[in-house]
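Enquirer: output the structure for:
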Amino acid sequence: MMNYFIQKINPGTLDIVVRKINPNSDQDEQNGQENQQSQKENFVEEPPFFADSDSLSCDITVRLPIHHIPIHQKRLKIKFLGIITNLIDGNVTVFSKDVKKIDEPLTITKTRTFNFDFNNVKFPYDTFHGHLFKITYEIFTRLERSNGSMTETKEITARSAPVHLSINNRIKKIAMGLSGVIGVECSLNKEEYDLTDTIVGSVKFLFVNAVIVSARVALIQLERWQHTVLGQENARTITDIEILDGDILKGEQVPFRIFLKKLEIPPTCESIESFYSIKYVLRIFVRSTTNHEFFGSLPIGIHRISKPDA
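Expert: Residues are numbered from 1 along each chain as shown. This is a model prediction of the structure:
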């Protein structure tokens, strides 16, 4: 009876370590087997992120409760889960799932580590923590005992596969302004960008009949979910550049650059499980001393583009 209460108060712990399996190793299938020290050369220590089609090695360490009371294990189950959580209504969508388990009963009398492999895991979307929804990948473990269960969850960061996309260098333009007051034209060097590219653009002031006090260029992330008639959009400023430096004259052209590589943002995704999307626009804001403020938007695509083999 005393052991029962001790395990209720302190049931022991589960620890999860996730590593990438070295693609050049000859790692054999060993789900549920105890991890051996000699196998370490087959692994890459947990990276900052996992890439699409990586193979994962998960070590589940079971530690005994206080006074080292044995754990009578009925079943040990581990799940790899890809999850979208709607942060507005709490709805959860599981878009990816893989399960490994040990069904036979075991009596654990000391700390033990069990290894489970998930081979060629697909990460269709980047890990994303937004305002309306989040995309997460988790390793969930449950150890079932005769007197209850122990659970533990570990979240991992992932990136989706590069896409094959031919980027043209067609210049993209937008004209905007206030009739008779200000006329502005914004130009970009292309419409689609790689996540490592630099956006090169310029803002040309076609005519200026007011004193401009602020002119800014901002990269905006548009996060959206839509289900039947319900929907919501959130605009988040990723980076904001003030391009005004003194008085602006008619015909003056102001260049700007945005270095995408430094921003660590997910790629454009038009349809995430049919209900969600992540898009980007470049937005130009101009404000005059008469408090006339206006803006224009240029939609752009930002992608993780596969590089041709050298």
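Enquirer: now whichever strand or helix holds Lys134: how far from the chain's centre is it?
Expert: Secondary structure from DSSP states H and E places Lys134 in strand 133-145. Centroid separation for strand 133-145 versus its chain: 17 Å, with Cα atoms, centre = their mean, to the nearest Å.
Enquirer: distance from the chain centre to the helix or strand following it, please.
Expert: Where DSSP H and E defines the elements, the next helix or strand beyond strand 133-145 is strand 148-156. From the chain centre to the centre of strand 148-156 is a distance of 21 Å (Cα atoms, centre = their mean).
Enquirer: tell me the strands beside the strand holding Lys134, with direction?
Expert: Paired neighbours of strand 133-145 in the sheet (DSSP bridges): strand 71-86 (antiparallel), strand 128-129 (antiparallel), strand 148-156 (antiparallel).
Enquirer: just the buried residues of the following helix or strand past the first one, please?
Expert: Right, the one you point to is strand 71-86. Scanning forward in sequence from strand 71-86 by DSSP H and E, the next helix or strand is strand 92-102. Of all the residues in strand 92-102, those buried under the rule 16 or more other Cβ atoms under 10 Å are Thr93, Lys100, Ile102. C-betas here are computed from N, CA, C, even on glycine.
Enquirer: one step back: now the strands paired with strand 133-145 as TSV including distance to Val254, mean pLDDT and mean neighbour count?
Expert: Converted to TSV, those look like this (distance: least, Cβ to Cβ, whole Å; pLDDT from 0 to 100; neighbours: other Cβ atoms under 10 Å):
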stretch	distance to Val254	mean pLDDT	mean neighbour count
strand 71-86	40	94	18
strand 128-129	33	97	14
strand 148-156	43	93	15
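Enquirer: so which of the ones you listed is nearest Lys173?
Expert: strand 128-129 (30.5 Å; Cβ to Cβ).
Enquirer: Arg224 and Phe133, how far apart?
Expert: 9 Å (Cβ to Cβ, to the nearest Å).
Enquirer: overlap in contacts, the two.
Expert: Tyr276 (Cβ atoms under 8 Å, 6 or more residues apart in numbering).
Enquirer: the two - which one has more neighbours?
Expert: Neighbour count, other Cβ atoms under 10 Å: between Arg224 and Phe133, Phe133 has more, with 26 against 18.
Enquirer: who does that one bridge with?
Expert: Asn86.
Enquirer: tell me who's in contact with it.
Expert: Applying Cβ under 8 Å, 6+ apart, the residues near Phe133 are Ile84, Thr85, Asn86, Leu87, Ile88, Glu223, Trp225, Tyr276.
Enquirer: pLDDT score for it?
Expert: Listed pLDDT for Phe133 reads 97.
Enquirer: list phi and psi for the residue nearest the centre of the chain.
Expert: The centroid of the chain falls nearest to Thr127 when counting by Cα atoms, centre = their mean (2.2 Å). Dihedral angles of Thr127 (phi, psi; degrees, to the nearest 10) stand at phi -60, psi 140.
Enquirer: residues near the closest residue to it other than its chain neighbours, how many?
Expert: Ranked by Cβ to Cβ, 6 or more residues apart in numbering and with sequence neighbours excluded, the top spatial neighbour of Thr127 is Thr157, at 4.7 Å. When neighbours are counted by other Cβ under 10 Å, Thr157 registers 14.
Enquirer: same check on Ser297?
Expert: 16.
Enquirer: specify the beta-bridge partners of it.
Expert: Applying DSSP bridges, one finds that Ser297 bridges with Arg283.
Enquirer: that one and Ala235, how far apart?
Expert: 10 Å.
Enquirer: which residues are in contact with both of those two?
Expert: Joint contacts of Ser297 and Ala235 (Cβ under 8 Å, 6+ apart) are Ile220.
Enquirer: tell me the bridge partners for the closest residue to Pro47 other than its chain neighbours.
Expert: Spatial nearest neighbour of Pro47, chain neighbours left out: Lys20 (5.7 Å); criterion: Cβ to Cβ, 6+ apart. Lys20 has these beta-bridge partners by DSSP bridges: Val44, Leu56.
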